[in-house]
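Novice: Coordinates for the following, if possible.
(one chain, ligands or ions: 1)
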Amino acid sequence: MKLLEDKISAEGKALSETVLKVDSFINHLVDPVLMQEIGKTFAAYYKYKGVTKVFTIESSGIAPAVYTAAALGVPMVILKKQTSKILSGNVYQTNITSFTKGTSYELTLNSQYICPEDRILIIDDFLANGEAATGASTLVKKGGAEIVGIGILIEKVFQRGRKRLEDQGYEVRSLARVSKLAKGIIQFTEADL
Ligand code: 5GP
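Specialist: Residues are numbered from 1 along each chain as shown. This next block holds a predicted model:
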């Protein structure tokens, strides 16, 4: 998606060879016009795939996910990051290690918000090692529902996330695919959408 690549080139900052900072349009200050265009782009691709809900992981996935859900005309569910296990029967949980923070948390879904008839689209801001998306898909499977696809804003192709997700049988569609990060350098390879 050229609009997103242009924004990343103009405002993204490579903090290291593996971490890209996008605080001025996705992670802290949010560009709603860009988020809406992202939502329309995902919706154009997924509109005939029978999506019933869009799932995302708090908090940076929420803005693009809500615009995608609105464009598809379906609800959005925020998977919560809890610090501890909840000992009750009405939640599904799975342990995740955060790529950027190195800490782990329990990704949590209230079992009321998924049913076996659901066809879920997972949307997240970044794909690095595929930990967050794998956790989200684990919760979808616990709920007995199907995963239609995984939509990513920024994929770092030099990390193993895509392979990990594709090896599990999931289709990944990324709007921007970063092939190299270094001080002052952000390079792209061809994106999916
Ligand atoms: P993964 O779970 O695929 O290893 O990493 C994806 C998650 O880590 C995303 O939800 C995102 O919040 C965070 N993340 C991974 N890489 C980056 C990065 O380069 N920049 C930022 N801002 N977040 C990242």
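Novice: remind me which residues of this structure are low pLDDT?
Specialist: The chain contains no residues with pLDDT under 70.
Novice: can you rerun that using 90?
Specialist: Low-confidence segments of the chain, defined by pLDDT under 90, span residues 83-84, 86-89, 98-103, 183-184.
Novice: So which residues of it form helices?
Specialist: Taking DSSP state H, the helices of the chain run over residues 2-11, 32-46, 62-72, 131-142, 161-167.
Novice: Leaving out sequence neighbours, find the closest residue to the residue minimising distance to the centre of the chain.
Specialist: The centre of the chain sits closest to D124, judged by Cα atoms, centre = their mean, with a distance of 1.2 Å. Spatial nearest neighbour of D124, excluding adjacent residues (Cβ to Cβ, 6 or more residues apart in numbering): G61 at 4.5 Å. Glycine gets a C-beta too; all of them are placed from N, C-alpha and C.
Novice: I26 now?
Specialist: Nearest residue to I26, sequence neighbours excluded (Cβ to Cβ, 6+ apart): D125, at 5.6 Å.
Novice: hang on, isn't that neighbour packed against I154?
Specialist: Yes: D125 lies in contact with I154 (Cβ atoms under 8 Å); the separation is 6.6 Å.
Novice: Overlap of the contact sets of these two?
Specialist: The overlap between the contact sets of D125 and I154 (Cβ atoms under 8 Å, 6 or more residues apart in numbering) consists of V22.
Novice: okay, those two: which has more neighbours?
Specialist: Shown here are D125 and I154; by other Cβ atoms under 10 Å, I154 has more neighbours (24 against 21).
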